[in-house]
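> coords please:
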Amino acid sequence: MSNTITSEIKFVVELDEHRVPEKLTWTAQDGGVDLEEAKAMLLSIWDNKTKETLRIDLWTKDMPVDEMKIFFHQTLVAMADTFERATQDEKMAATMRDFTDYFAEKLELKG
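Residues are numbered from 1 along each chain as shown. Here you go, the predicted model:
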């Protein structure tokens, strides 16, 4: 029998009276994170039974639009990196990175 380790990541969402997120905090004790505030989060979970992605996309009402654009760009870049590590498909990862460059250019994120 193998020894297993459990690690927990916790998200706390404070909502206003209309159920709009006002504050997001997260804790990941194994990563040294304790109730750190965030302005946005995107979480994707693969449901193996239904073969579909479940998502939680949250952002606080005071998340600036310019920061949301940067957040999305960085998320897309990270997805290309993760895709390459997970699949070893360098050609498609490069294509994804081409899109992230185009995305940044169109949003004028890079000088």
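
> make it CA atoms for all contacts and neighbour counts henceforth
Will do.

> Next, count neighbours for the residue nearest to residue 47 when sequence neighbours are not counted.
Of all residues not flanking residue 47 in the chain, residue 53 sits nearest, at 6.0 Å (C-alpha to C-alpha, 6 or more residues apart in numbering). Here the count is done by other C-alpha atoms under 10 Å, and residue 53 has 11 residues near it.

> so when I look at residue 53, I'm seeing a helix, right?
No. Residue 53 is assigned strand when assessed by DSSP: H, G, I helix; E, B strand; the rest coil, not a helix.

> Spatially central residue for the chain, please.
The centroid of the chain falls nearest to residue 42 when counting by C-alpha atoms, centre = their mean (3.9 Å).

> Could you say which helix or strand holds that one?
Using DSSP states H and E, residue 42 sits within strand 40-47.

> Now do the buried residues in that strand.
The neighbour-count check on strand 40-47 (16 or more other C-alpha atoms under 10 Å) flags 40-41 as buried.

> Tell me which strands that strand pairs with, and in which orientation.
strand 52-59 (antiparallel) (DSSP bridges).

> Report the distance from the strand holding residue 42 to the chain centre.
Relative to the centre of its chain, strand 40-47 is centred 7 Å away, using C-alpha atoms, centre = their mean, to the nearest Å.

> Show me which residues of the helix or strand hosting residue 93 are buried.
Following DSSP H and E, one finds residue 93 within helix 90-106. Applying a neighbour-count criterion of 16+ other C-alpha under 10 Å, one finds 93, 96-97, 99-101, 103-104 buried in helix 90-106.
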